[in-house]
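Novice: how would this look folded up:
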Amino acid sequence: MTTDASIGLIGIGAMGLPMATNLQRRGHAPWVRDTDPRAVAAATDSGLVACDSAAALAQRCDTVIVVVVDAAQVDDVLFGRGGVVHAERPASAPQQTVVLCSTIAPDDTVRFCDRLAGHGIATVDAPISGGPARAENGTLSMMVAAEAATFARCEPLLREMASALYAVGERVGDGARVKLVNNLLAGINLVAGAEGLSLGSRLGLDRRLLFDVINASSGASWIFSDRMARALVHDFAPRARAGILTKDVALAVQMAADAGVATPLGEQALAVFRATVAAGFGDADDAAVIRTLDPDF
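Specialist: Next comes the predicted model:
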């Protein structure tokens with residue numbers, strides 16, 4: 001296999017691996033990197049080529065896509081020992097670009113952008129939404145903030161990963177802000193949907209019938225339909241882990257607090273998510289919030 005030396009992807013878990021295989025199917029052969037041997041094994045089984053460090057990957061790649069869990073992991077893969085900035089690239093190489101797809105605080109995004117700029121590396125603030133199936137199909141939603149020239153250079157690649165590509169502006173950090181507003185609503189809607197289905201169940205209503213009525217009525221939401229369909233059949237295998245959405249809602253609530261904006265519903269949803277994690281469901285699908293409200297599920 002001929003490896004496409006222009007693209008690398010760091011973080012090949014639930015979202016990163018299907019993103020990499022999508023690019024592979026479209027004719028690329030991205031280098032990949034992860035610290036989890038199981039993730040590396042899954043990637044190599046898919047025909048992808050793994051690197052021993054983020055620096056080794058960055059040495060080969062003009063564009064480095066980062067899809068790790070949180071800001072601490074982003075910091076480590078970019079600036080830690082063996083991080084991206086330590087790659088030894090020839091002076092003749094094109095300017096390198098880091099595409100940040102992780103959901104992190106806007107202030108962290110800006111901080112990483114400034115530090116990367118000090119190494120001559122451009123940043124695309126590009127958090128994603130849509131789940132593993134859409135990642136594998138290249139139909140993610142992506143909220144992009146980047147300087148115009150950087151966006152123009154990366155746009156063709158971004159469109160291979162996201163069918164819903166939203167250019168939200170040139171101010172790095174705005175992609176993160178849009179993503180956190182979305183995930184705040186996702187978290188609130190999920191908890192509300194779980195609460196409604198739990199209430200109906202405790203009132204003796206048929207769960208499936210209630211689910212169908214809600215989906216056809218004003219109480220419907222995409223996340224209710226997706227997650228509560230799983231809950232109805234007791235399927236809590238992780239597609240989107242409860243711990244991840246807990247982290248995201250916490251970031252959104254903190255972002256609002258920093259801006260002096262009250263988010264009472266967000267705070268209530270966050271309390272339910274934290275209780276879900278405390279109950280041992282952090283690594284389960286986030287549909288497991290209903291088990292916090294109704295242990296019979």
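
Novice: Tell me where the protein has helices.
Specialist: Using DSSP state H, the helices of the chain run over 16-25, 37-45, 54-60, 71-79, 106-117, 131-137, 148-161, 174-202, 207-215, 222-232, 242-258, 264-276, 289-293.

Novice: Now the fourth one: buried residues?
Specialist: Same thing as helix 71-79. Of the residues in helix 71-79, A71, Q73, V74, D75, V77, L78, F79 count as buried by neighbour count, 16 or more other CB atoms under 10 Å. For glycine as for every other residue, the C-beta is placed from the backbone atoms N, C-alpha and C.

Novice: Not counting its own residues, what contacts that helix?
Specialist: When contacts are defined by CB atoms under 8 Å, 6 or more residues apart in numbering, helix 71-79 is touched by residues 10-11, 33, 54, 66, 68, 83-85, 98, 100, 102, 104-105, 108, 112, 115-116.

Novice: and it, how far out from the chain's middle?
Specialist: 15 Å (CA atoms, centre = their mean, to the nearest Å).

Novice: same deal with stretch 250-262?
Specialist: For stretch 250-262 - counting by CA atoms, centre = their mean - the centre lies 19 Å from the chain centre.

Novice: so where's the stretch 151-297 of the chain shaky on pLDDT?
Specialist: Residue ranges of the stretch 151-297 of the chain with pLDDT under 70: none are present.

Novice: Which residue ranges make up the domains of this protein?
Specialist: Domain assignment of the chain by automatic domain parsing yields the ranges 7-172, 177-293.

Novice: can you pull the contacts of A194?
Specialist: A194 makes contacts with R227, M228, A231, V272, A287, V289, I290, L293, D294, as judged by CB under 8 Å, 6+ apart.

Novice: redo that, cut-off 7 Å
Specialist: Applying CB atoms under 7 Å, 6 or more residues apart in numbering to A194 gives the contacts M228, V289, I290, L293.

Novice: hang on, the earlier thing: for the buried residues of helix 71-79, give me TSV that also has pLDDT and distance to A262.
Specialist: As requested, the buried residues of helix 71-79 are exported to TSV (pLDDT from 0 to 100; distance: CB to CB, whole Å):
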residue	pLDDT	distance to A262
A71	97	24
Q73	97	30
V74	98	29
D75	98	30
V77	98	35
L78	98	34
F79	98	35
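
Novice: Closest one to A167 out of the residues you listed, please.
Specialist: Nearest to A167 among the buried residues of helix 71-79 is V74, at 21.8 Å by CB to CB.

Novice: Now, of the contacts of helix 71-79, which are buried?
Specialist: Buried by 16+ other CB under 10 Å: 10-11, 33, 54, 66, 68, 83-85, 98, 100, 102, 104-105, 108, 112, 116, out of the contacts of helix 71-79.

Novice: Among those, which lie within strands?
Specialist: I10, R33, V66, V98, L100 (DSSP state E).

Novice: just checking, the first one touches T35?
Specialist: No: using CB atoms under 7 Å as the test, I10 is too far from T35 to be in contact (9.6 Å).

Novice: Number of residues surrounding R159?
Specialist: Applying other CB atoms under 10 Å, we find 13 residues neighbouring R159.

Novice: In contact with the residue nearest to it when sequence neighbours are not counted, which residues are there?
Specialist: Once flanking residues are discounted, R159 sits nearest to L165: 5.7 Å by CB to CB, 6 or more residues apart in numbering. With contact set as CB under 7 Å, 6+ apart, L165 has these partners: M142, V144, L158, R159.
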